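Engineer: just the structure for this:
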Amino acid sequence: MRAALDIMAVSLVGAVSTDTENVYFPFCTDANELDKMIKRRGFDRAGQDAVDLLKQFAPHRGGNEALRALHELDIQDKHHMVIPILANISSPPSRVEIDESVQPRRVRLVPLDYDPKTLFAPSFPDNSFLAHREVIPTLHELVGLVEGILKAFAALVAARSPPASGRGLKTKQIIKPELGK
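Structural biologist: So this is what the prediction gives:
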């Protein structure tokens, strides 16, 4: 998802310039740093209208927390294990255990009609920006956020008059970047 934002940034700059080197969707630690990071990440070359739209998404701490969480998730150590909310289930006569490094919880006397999906809900680790949030619903939220950002920039491009360079931007590239199909 984070890469889709970078691909969009490169596409935006590529629509008005041949220089797309070192272009990224900018993130920063606070609102005061945003202008500096927009320039540092080359996003300023996308045009003032794109910069103005980007600022509305507030990609910094204290701004759009979900967007910032996506960035934090991207830079977090890729080798951390997703920790299940429930790591150990025991009931006579069987027992299911997950890695000993996980702090297990025991559930006793689970009713037979209990939905097993509620027993296992993977969550983000304690040291994550998304600590204790369930993985699947959170990822769905983040996909929706990124899709909304991509659509907003696609609408911006569609509203522009033909680009000065004549290069053009394919809206399809912004809305649905290919995912290795």
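
Engineer: could you list the low-pLDDT ranges of this protein?
Structural biologist: 77-120, 161-181 (pLDDT under 70).

Engineer: what domains does the record give for it?
Structural biologist: 2-78+135-175, 86-120 (automatic domain parsing).

Engineer: would you map the strands across this protein?
Structural biologist: 83-84, 88-91, 94-97, 122-123 (DSSP state E).

Engineer: what is the neighbour count of residue 46?
Structural biologist: For residue 46, the neighbour count with other CB atoms under 10 Å is 27. Any C-beta I mention is one placed from the backbone N, CA and C, and that applies to glycine too.

Engineer: distance check, the closest residue to it other than its chain neighbours against residue 33.
Structural biologist: Nearest residue to residue 46, sequence neighbours excluded (CB to CB, 6 or more residues apart in numbering): residue 12, at 3.9 Å. Computed with CB to CB, to the nearest Å, the distance linking residue 12 and residue 33 is 21 Å.

Engineer: try residue 145
Structural biologist: Counting by CB to CB, the gap from residue 145 to residue 33 is 21 Å.

Engineer: likewise for residue 47?
Structural biologist: Relative to residue 33, residue 47 is positioned 21 Å away (CB to CB).

Engineer: who has more neighbours out of these two?
Structural biologist: residue 47 (20 against 15).

Engineer: contacting residues for the more buried one?
Structural biologist: Applying CB atoms under 8 Å, 6 or more residues apart in numbering to residue 47 gives the contacts 12, 16, 160.
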